[in-house]
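Colleague: Sharing a sequence plus its predicted fold:
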Amino acid sequence: MKKLIIIAFLAFSFNTVVAQSTIKTSLEEVGTPELAKKREVLKQEIMAKYLAVNQSLVVSDSLQAAKSAGELLKALNQFKFKKLTLPDMNAATTMRGKLAGLAKEIADTHSINKQRKSMMELSEGMWTIIDKLVPEKTVLYKQTCPMAGKVWISDVKEIKNPYFPKNMLTCGEVTASVGAVQP
């Protein structure tokens, strides 16, 4: 049993290190301090708007979810990927387009159930390119709802399920993390 726990810990630690080592700083992505600062602000805005949509769904506020999703859509449309191989650039750009479409779906409806369904897909997609979106000195957590088998991203470890808040607000678990702790 002790060996199993040690192996699980090492596997988790390795996955966390790998996720952190693939993240480039904004300066590494664009090369000048001025552009890096602008890029970092945009990354912070994207994640803040995503988290606002998530929180709106936790409290079942479809109007605020729509507003925040509209702001997320604008931020996603401004974001450009930098210093990627051509295949990675194509995949990331395609995913950004899909994410923008899902954010638009959330913004265009006041049906909380439709918003939650789109959010499930949005969260899955965001996590696939999270290494390109996570702001510096920020830790984000991939949380999973076992009932829906879907994920969402949070900036805290505490579980607040956006998909089933009435019946299962605290149902879920942290399954991964990405980013770096502030010094």
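Modeller: Noted; the coordinates are in hand. Values in this document were obtained by computation on a predicted structure and should not be read as measured data.
Colleague: Can you spell out which helices and strands pack onto the longest helix anywhere in the chain?
Modeller: The single longest helix within the chain, with elements called by DSSP state H, is helix 33-58. Counting contacts by 3 or more Cβ pairs under 8 Å, 6 or more residues apart in numbering; DSSP states H and E, helix 33-58 is packed against helix 26-30, helix 62-78, helix 112-128, helix 130-133, strand 150-154. Glycine gets a C-beta too; all of them are placed from N, C-alpha and C.
Colleague: Give me the sheet partners of the following helix or strand past the shortest one and which way each runs.
Modeller: Just to be clear, that refers to helix 130-133. Beyond helix 130-133 on the C-terminal side, the first helix or strand identified by DSSP states H and E is strand 139-145. Next to strand 139-145 in the sheet, as set by DSSP bridges, lie strand 150-154 (antiparallel), strand 173-179 (antiparallel).
Colleague: Check what pLDDT Glu34 gets.
Modeller: For Glu34, the pLDDT comes out at 82.
Colleague: any idea how far Ser111 is from the closest residue to Phe81 other than its chain neighbours?
Modeller: In space, and not counting its chain neighbours, Phe81 is closest to Ala92: 4.7 Å by Cβ to Cβ, 6 or more residues apart in numbering. Applying Cβ to Cβ, to the nearest Å, the value for Ala92 to Ser111 is 30 Å.
Colleague: sorry, back to before: tell me the buried residues in the helix or strand harbouring the residue nearest to Phe81?
Modeller: Mapping Ala92 onto the secondary structure by DSSP H and E places it in helix 86-107. Counting neighbours by 16 or more other Cβ atoms under 10 Å, one finds that the buried residues in helix 86-107 are 92, 95-96, 99-100, 102-107.
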